[in-house]
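> using only what follows, build the 3D model:
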Amino acid sequence: MSRPYLYFSIVDLSYNNGLGKVTTKNSLLYNTNEVAEKLIAVRHANGRDWWLIFHQRNTDVFVKYLILNDVILGPFTQVIGSAYTSSFGGDMGEMVASADGDKIVATNLWGVIDLFDFDRCTGTLSNWVDLGYNHFINYSGCAFSPKGNRLYITQADSLFQFDLTATSIVNSRQTIWVNPYPNDHDICQMQLGPDGKIYIANVSGTSFPNTIFDTINMNLSVINEPNGLGTACYFQPNSFYLGGRRSYAGLPNMPNYNLGALEGSPCDTITQVESIKIKDKSGEALVFPNPAREFLTVSTQNSIQGASISISDLFGVVVYEECVQQNTN
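Model prediction:
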């Protein structure tokens, strides 16, 4: 997202002995509104498809796409949580999902900490908890513990923990660490590693680019036991050496590729996408999941003009019929 819109590229891995070849580059996907510095992918509850989630600038709107094997569905929008303004760093900051994909948290440099539940079947955010309290505090990084019982937030020169099992999550906030040398030395974005530890990028100097290499930015800080409560999380600042290289506030944006299907959910079977013709010839519709258990989605690229939907069970018996409202997708 080098521009204020969303672009995508396609890599065909059948080329170059599995190394791949870029077949589509920087194709515009979303330009309805400018987008904030937040972009994550969470595996769909069927274990194969992906939800791509980001946030508009200067609004309280999340935007979601459902990425299937051969098609991208959306955008689907949802109004929830705080407005991420473009002033005072309000559109900057991190957004991450828990290891189980059932929670999402987003921060920004204008004092916002938004916590949500996330439904991997429907892509719906719910149960917003506002954990921010001061609009002059730069909340940069965020991360969940592997068990999803703790939430960590970086505030420039400090590290905080919230207990997500507490009766009042807001009041469970604990200060884990305060930088004794805060001038131009901040802790920023976080990443849960495959070893169950949380790694935190450090930055030296607020200008970019800069040529500073020091013991701060040439090491990552580490939360060694992130499931632990309070100081039992065993935080070590500037303790993971980068081999002569450095970080500058950020870390790679890595989704959880190990997250599988949500067993027992209404959509724990692989989505089968099937094209059907609409009778008024306004275009094609995609129906998913198909077969379905408790719900299904019908999505079209063009507006429907007076179409109807008829759903049958496996024996051909019609179980539901509906006339679709005009000018809808």
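> can you pull up the most central residue in the protein?
Geometric centre of the chain, nearest residue: Ile40, 3.0 Å, by Cα atoms, centre = their mean.
> all strands of the stretch 201-329 of the chain, in order?
According to DSSP state E, counting those that start in this stretch, the stretch 201-329 of the chain carries its strands in the segments 219-223, 235-241, 274-277, 284-288, 297-300, 308-312, 318-323.
> out of those strands, which gets the lowest mean score?
Lowest mean pLDDT within the strands of the stretch 201-329 of the chain: strand 274-277, a mean of 47.
> coming back round to it: export the strands of the stretch 201-329 of the chain to JSON lines and tack on distance to Asn256 and mean neighbour count?
Where you see a C-beta, it was placed from the backbone N, CA and C, and this is true even at glycine. Below are those laid out as JSON lines (distance: least, Cβ to Cβ, whole Å; neighbours: other Cβ atoms under 10 Å):
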{"stretch": "strand 219-223", "distance to Asn256": "17", "mean neighbour count": "23"}
{"stretch": "strand 235-241", "distance to Asn256": "21", "mean neighbour count": "16"}
{"stretch": "strand 274-277", "distance to Asn256": "29", "mean neighbour count": "11"}
{"stretch": "strand 284-288", "distance to Asn256": "22", "mean neighbour count": "19"}
{"stretch": "strand 297-300", "distance to Asn256": "23", "mean neighbour count": "18"}
{"stretch": "strand 308-312", "distance to Asn256": "33", "mean neighbour count": "12"}
{"stretch": "strand 318-323", "distance to Asn256": "35", "mean neighbour count": "10"}
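> ok so, going back, need the contact list for the residue nearest to the centre of the chain.
52-54, 95-97, 104, 253, 255 (Cβ atoms under 8 Å, 6 or more residues apart in numbering).
> how much space separates Glu263 from Gly47?
Glu263 sits 9 Å away from Gly47, going by Cβ to Cβ, to the nearest Å.
> so which of those two has more stuff around it?
For the pair Glu263 and Gly47, the greater number of neighbours falls to Gly47 (17 against 8), based on other Cβ atoms under 10 Å.
> in strands, which of the contacts of Ile40 appear?
Among the contacts of Ile40, DSSP state E puts 52-54, 95-97, 104 in strands.
> what's the farthest-apart pair in those residues?
Using Cβ to Cβ, the ones in strands among the contacts of Ile40 reach their maximum pairwise distance at Leu52 and Val96, which is 14.1 Å.
> higher neighbour count, those two?
Using other Cβ under 10 Å, the more surrounded residue of Leu52 and Val96 is Val96, with 26 against 22.
> what bridges to the more buried one?
Under DSSP bridges, the beta-bridge partners of Val96 are Val105.
> with Val178 instead?
For Val178, the beta-bridge partners are Ser158 (DSSP bridges).
> picking up where we left off before, direction included, what does the helix or strand containing the residue nearest to the centre of the chain pair against?
For Ile40, the host element (DSSP states H and E) is strand 35-43. For strand 35-43, the paired strands and their directions (DSSP bridges) are strand 50-56 (antiparallel).
> does anything pack onto the very next helix or strand once past the strand it pairs with? Which helices or strands?
From strand 50-56 onward toward the C-terminus, using DSSP H and E, the following helix or strand is strand 61-67. Judged by 3 or more Cβ pairs under 8 Å, 6 or more residues apart in numbering; DSSP states H and E, strand 61-67 is in contact with strand 21-30, strand 50-56, strand 72-79.
> most packed of those?
strand 50-56 (a mean of 22; mean count of other Cβ atoms under 10 Å).
> what about that one, average pLDDT?
On average, strand 50-56 scores 95.
> hang on, the earlier thing: dump the strands of the stretch 201-329 of the chain into CSV; add distance to Asp119 as well.
Shown next, in CSV, are the strands of the stretch 201-329 of the chain (distance: least, Cβ to Cβ, whole Å):
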stretch, distance to Asp119
strand 219-223, 28
strand 235-241, 32
strand 274-277, 23
strand 284-288, 15
strand 297-300, 13
strand 308-312, 22
strand 318-323, 22
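> what's the closest of the ones you listed to Ser87?
Closest to Ser87 of these is strand 219-223 (Cβ to Cβ; 29.2 Å).
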